[in-house]
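Peer 1: Sharing a sequence plus its predicted fold:
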Amino acid sequence: MSTVIEAVAVSRAVGQPLDRIDGHAKVTGAARYAADAPIAAPLHAAIVQSTIPCGRIAAIDESAARNLAGVVEVLTYRNAPRVPVLSFDFTTPVTEELAPLQSDAIAYDGQHVAVVIAETFEAARAGATLLRIGYERREAEVSLDTARTIEHPEQWFGDDAQPRRGDPERAYNAAAVRVDATYTTPEETHNPLEPSVTVAEWRDGELTVYDATQWVRGTRAVLAKSFELDEEKVRVISPFLGGGFGCKGFFWPHPLIAAMAAKVTNRPVKLVLTREQMFTSCGYRSETRQRVRIGASREGRLQAILHDVLAESSRVGMFVESAGAVTTMLYDVSNIAVTHRIARLDVPTPTAMRAPGKAPGTYALGSALDELAYACGLDPLDVLRRNDAAVDRSSGLPFSSKQLLACYERGAEAFGWSARPKAPRAWREGGELVGWGVATATYPALRSPAQARVTLSTDGLVDVASATHDLGTGMYTILAQIAADELGVDPRAIRVRIGDSSFPVAPVAGGSMSSASVGPAVQDAARRAYHEAVAIATSSGESALHGLPERDVEARDGALRSKADPSRAVTYADLVRLGGSGAIEALGSAAPGDEDERLSFYSFGAQFVEVRFDEELARLRVSRALGVFDCGRILNPKTARSQMIGGIVWGIGMAMLEETVRDPRYGAVVTNNLADYHVPVNADVPDIDVLFVEEPDLAFNSLGARGVGEIGITGVAAAIANAVYHATGVRVRDLPIVPEKLLGAGPAAG
């Protein structure tokens, strides 16, 4: 564990709904994204992708492309620089064991097979269309229905992928009430507003990359290993991201291709993926088929759960959509069996997508519990309440903090749950059927080692630096608030610099762990800078605080002051000058200790949803949503609320709109644009309210704050599906819930 130094500043910023400090730069265009890299006259690169799912390149005709005006070079497996195939680990986070442009083998439709480099973007794109590639195609498996290679991974990211306890089969068979249903979720694609971009430049054997990445340190590690460089000779810069959601979390081939192109041409190269290429080049959420069997007493007490998950991955990379993970810990049940099977297909590799595993897993489990409630003749919320687990049943460890029952109660009161009719199809307003649904939200509270540097300068500026990221989550603002409290300064007097691999180490901006990891490191650095400033203030004969003991000094309004006589004060700028070193600089760190051996760390919540269905118009809509969350201390209610609203919007998209469709013959994505791939727009988003049951979790970290963001999507799809059943009497178990699945189906038993 990092050293904890007693806080001595007057707290005023953390917990306040401050506006985003990067907001002005974004709305005025001053914020520079990867495509805005300050590189003069770069060449432009256009990627060419395979049009078969399996086989080899038989012939390449580059003549027309090379003869096009403006084309500088064409790279294929025949002339690209040699780079090694790397395996995934958390030091080199490659997603596929497939180095780009290294052989004629084709592993999936959309694999990068060539890159055309030109003086202009238009010439590169035109040259790419002129490249003629012939293929020898082999039979491919692109669907779970035809998969022949099924694997049973023992572990995934350190967790048991096939957990079981008790005797679930026997308990299920003996149960008075049983539910046995299969729920499916389709492939989904991240689709951030900003596509993936890399600008690469070599100078004197060193590589600088501007990249749309959620992990500058991870990207640096892969590039360094690929080109056999010391990591200090690679710099990755990513100060702003236009969304990521996981597709920019690990390493994909395009940054390496951009660096290869820059090396060959000896000029900087800009590579921007098209929207179509984003569907094949940066991962997606795997399709899942989840059979859930629940055995319970007639009072709705859980006695057994068997949760079997079938998902997909590629032949060149493994990703497990661990949808059964929440089942092992969320409810009080003694008999559990969870299986994960992975079908190896001739498709691109899936990856983490917001709330990986937990989003589809809470959909299936939350839907099955709703079915159980109807089978028992009980209120669905009562079933959730009475099966609340006091400890993490997967590990036996007590939760560090858990306010889930309070989330249920506060949500029920705010939503008006007591007015809900019991029977399906019992509520109609105007021409619409109305239904209410509820489900549980949860996400693990994660942390990783992190560092931050705080620097006080002679101009009064406080600088905070760490190699973390802001995907639109509010990290710039939160880190400024944390440092402001420790130093007693206005957050507007703090400059936060992030997204640069030369800054102190930080983990991937994923898993909702950035604020929980980097925030305490900033807190530690700011406290160390404060104590160094106090040492100067109390020891220098030129200081108004000379001779005071440290305990009699406090930080307030950008200065150190005597607690007894606030008129005795000295500013940080003056203290830097008195110190004579030009700056006061402190490196802070934070890391998990042995807490994980004693406590279980999770966040929880309750999702309440109202839907309306017009049978004549076949119009289904979510008309109201409420999320109530227990995430420890809320560092900034405004940015946290924004994150939760975003998560609920994602849940609406997951439940009712999103579906990546592949050609069943070739595996090609046919919904590879934002016209055919439907995401929620303003007209799809209802009134959304967010409440927090706030209890600082000081066992988790020194801020008492767990991550927010991903938990917001969990449980939403189940709550919507449950509300649809309550409104219509039709149980839809296959996402997305589109109106045609409700027409002509007629009422069904829960």
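Peer 2: Sure thing, it's come through.
Peer 1: which stretches of the chain aren't confidently modelled?
Peer 2: Across the chain, the ranges flagged by pLDDT under 70 are 1-11, 745-750.
Peer 1: residue at max distance from the center of it?
Peer 2: residue 541 (51.7 Å; CA atoms, centre = their mean).
Peer 1: Tell me the spacing between that residue and residue 549.
Peer 2: Per CB to CB, to the nearest Å, residue 541 is found 16 Å from residue 549. All C-beta atoms are positioned from the backbone trio N, CA, C, and that covers glycine.
Peer 1: cool, residue 626 as well?
Peer 2: 51 Å.
Peer 1: of these two, who's got more company?
Peer 2: residue 626 (24 against 8; other CB atoms under 10 Å).
Peer 1: That one: which element?
Peer 2: Using DSSP states H and E, residue 626 maps to strand 619-630.
Peer 1: buried sites along that strand?
Peer 2: Buried residues in strand 619-630, counted by 16 or more other CB atoms under 10 Å: 620, 621, 622, 624, 625, 626, 627, 628, 629, 630.
Peer 1: For residue 219, state which of these is nearest.
Peer 2: residue 629 (31.5 Å; CB to CB).
Peer 1: Quick check: beta-bridge partners of the residue nearest to that closest one when sequence neighbours are not counted?
Peer 2: Of all residues not flanking residue 629 in the chain, residue 605 sits nearest, at 3.9 Å (CB to CB, 6 or more residues apart in numbering). Legend: beta-bridge partners of residue 605 under DSSP bridges are residue 441, residue 629.
Peer 1: my guess is residue 605 meets residue 408, correct?
Peer 2: No. When contacts are counted by CB atoms under 8 Å, residue 605 is not listed as touching residue 408 (9.5 Å).
Peer 1: okay, and the common contacts of the two?
Peer 2: residue 628 (CB atoms under 8 Å, 6 or more residues apart in numbering).
Peer 1: between those two, which one's more packed in?
Peer 2: For residue 605 versus residue 408, neighbours defined as other CB under 10 Å are more numerous around residue 605 (30 against 24).
Peer 1: any idea how far residue 453 is from the more buried one?
Peer 2: 34 Å.
Peer 1: ok so residue 515 is a helix residue?
Peer 2: Yes. Assessed with DSSP: H, G, I helix; E, B strand; the rest coil, residue 515 lies in a helix.
Peer 1: quick one: it and residue 478 touch, right?
Peer 2: Yes. Assessed by CB under 8 Å, residue 515 is found in contact with residue 478 at 5.6 Å.
Peer 1: shared neighbours of these two, which are they?
Peer 2: Residues touching both residue 515 and residue 478 (CB under 8 Å, 6+ apart) are residue 635.
Peer 1: which SS state does the closest residue to residue 461 other than its chain neighbours fall under?
Peer 2: Spatial nearest neighbour of residue 461, chain neighbours left out: residue 495 (5.9 Å); criterion: CB to CB, 6+ apart. Following three-state DSSP, residue 495 is assigned to strand.
Peer 1: Can you verify my assumption that residue 495 contacts residue 460?
Peer 2: No. Between residue 495 and residue 460 there is no contact under CB under 8 Å: 11.0 Å.
Peer 1: one step back: in CSV, list the C-alpha atoms belonging to the strand holding residue 626.
Peer 2: Output of strand 619-630 as CSV, limited to C-alpha atoms (Å, rounded to 0.1, in the frame of the first residue of the first chain):
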residue,chain,number,x,y,z
ARG,A,619,-44.4,1.4,-31.5
LEU,A,620,-42.4,0.3,-28.5
ARG,A,621,-40.6,2.9,-26.4
VAL,A,622,-39.0,3.4,-23.1
SER,A,623,-40.9,6.3,-21.5
ARG,A,624,-39.1,6.6,-18.1
ALA,A,625,-36.0,5.2,-16.5
LEU,A,626,-34.4,5.5,-13.0
GLY,A,627,-31.1,4.2,-11.9
VAL,A,628,-30.1,4.2,-8.2
PHE,A,629,-26.5,3.4,-7.5
ASP,A,630,-24.1,2.6,-4.6
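Peer 1: Residue 425 - nearest residue in space that isn't next to it in sequence?
Peer 2: residue 729 (4.6 Å).
Peer 1: Give the burial count for the one you found, as a bare number.
Peer 2: 20.
Peer 1: and if you look at residue 344?
Peer 2: Number of residues near residue 344 (other CB under 10 Å) recorded here: 18.
Peer 1: Now it: which helix or strand?
Peer 2: Applying DSSP H and E, one finds residue 344 within strand 336-345.
Peer 1: wait, is residue 123 part of a helix?
Peer 2: Yes. Per three-state DSSP, residue 123 lies within a helix segment.
Peer 1: Can you get me a residue count around the nearest residue to it once chain neighbours are set aside?
Peer 2: With sequence-adjacent residues excluded and distances taken as CB to CB, 6+ apart, residue 123 is closest to residue 70, at 3.2 Å. Neighbour count of residue 70, defined by other CB under 10 Å: 16.
Peer 1: One more: the one 4 residues further on?
Peer 2: Other residues within reach of residue 74, judged by other CB under 10 Å, total 24.
Peer 1: distance of the closest residue to it other than its chain neighbours from residue 145?
Peer 2: With CB to CB, 6+ apart as the criterion, residue 74 has its nearest non-adjacent residue at 4.9 Å, and that residue is residue 62. Residue 62 sits at a distance of 39 Å from residue 145 (criterion: CB to CB).
Peer 1: So for these two, which residue has more residues nearby?
Peer 2: Counted by other CB under 10 Å, residue 62 and residue 145 do not tie: residue 62 has more neighbours, with 21 against 9.
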